[in-house]
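Q: predicted model follows, preceded by the sequence.
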Amino acid sequence: MAREVVETDLGTLAAVLGILAFVMVLVDTLVLIGAVSALGRLSRAFQTQQNELDSRASLVAPQFSAVDMDGNQVDNQSLSRGLTALLFVSTTCPSCSATLIEMQALKHRARDGIVVVCQASPVACAGLVDSLGIQTRVIADEAGALGRLFGVDTVPFAVVLSSGTHIKSRGYPLREHLEEAASNHEEVRDG
């Protein structure tokens, strides 16, 4: 009889512990979902804030000069036609590859409107260009000088220049900004 009571008590205890474990997992899951949701809202708010510079003030673009991987000069003057997006990426950044693949969807228009600034050695940048079939101008910025000049502290990062002289927007590269830069150059060529 005592043995039956102990077995019943152990069975009840196991059931209660199982229910408690389930409740704890459920509560942890809800807390995690809430945290992810809050971080998502903060991230979107930050991206929006970073990408709305042009509506508040137009910043003068720093003077710069670089040579792309084809040996062509890229500077403020060479970017003086409409909008140009400087797309800062790294060869070790998974989200940069995703952004470049997204950019490739614009490849028929992007040649003049987007300049990829690869923060790696020329050899590593060439590997990235080849592996993704990038068909736009690419600058290897191994020492990060161009990134520092434009205040880039994370990748991927886009700086949209207006006529090469003013910063229209800066922040996480949004597709609509890349499309706008690519379309603007397409219209200049056609018109």
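A: The structure has been received and is ready for your questions.
Q: okay, CA-based contacts and neighbour counts for the rest of this
A: OK.
Q: so which residues of this protein form strands?
A: 59-60, 65-67, 73-75, 83-89, 114-118, 137-140, 157-162, 166-171 (DSSP state E).
Q: give me the domain ranges for the chain.
A: Following automatic domain parsing, the chain resolves into domains at 1-50, 58-190.
Q: what pLDDT, on average, does the longest one get?
A: Right, domain 58-190. If you average the pLDDT over domain 58-190, you get 84.
Q: gap between Leu146 and Val152?
A: 8 Å (C-alpha to C-alpha, to the nearest Å).
Q: which one of these two has more residues nearby?
A: The neighbour comparison of Leu146 against Val152 (other C-alpha atoms under 10 Å) goes to Leu146, with 21 against 18.
Q: what residues are up against the nearest residue to the more buried one once chain neighbours are set aside?
A: Of all residues not flanking Leu146 in the chain, Phe64 sits nearest, at 7.6 Å (C-alpha to C-alpha, 6 or more residues apart in numbering). Shown in contact with Phe64 (C-alpha atoms under 8 Å, 6 or more residues apart in numbering): 75-76, 146.
Q: hmm, 10 Å instead?
A: 74-77, 145-146, 149-150, 164 (C-alpha atoms under 10 Å, 6 or more residues apart in numbering).
Q: and what of Thr91?
A: By C-alpha under 10 Å, 6+ apart, the contact list for Thr91 reads 97, 118-121, 124-129.
Q: how many neighbours does the closest residue to Val152 other than its chain neighbours have?
A: Nearest-residue entry for Val152: Phe88, 7.8 Å, with adjacent residues in sequence omitted and distances by C-alpha to C-alpha, 6+ apart. The local packing of Phe88 (other C-alpha under 10 Å) involves 28 other residues.
Q: do the same with Val23
A: Counted with other C-alpha under 10 Å, residues neighbouring Val23 total 12.
Q: just Cys118 next, same as before
A: 28.
Q: what do you get for the one 10 residues further on?
A: Close neighbours of Leu128, defined as other C-alpha under 10 Å, add up to 19.
Q: ok, now how distant is it from Ser78?
A: Counting by C-alpha to C-alpha, the separation of Leu128 from Ser78 is 24 Å.
Q: same question, Gly144
A: Per C-alpha to C-alpha, Gly144 is found 21 Å from Ser78.
Q: so which of these two has more stuff around it?
A: Taking Gly144 and Ser78 together and counting by other C-alpha under 10 Å, Gly144 has the greater number of neighbours (16 against 12).
Q: please give me every residue in contact with that one.
A: 88, 117-120, 152-153.
Q: thanks a lot, catch you later.
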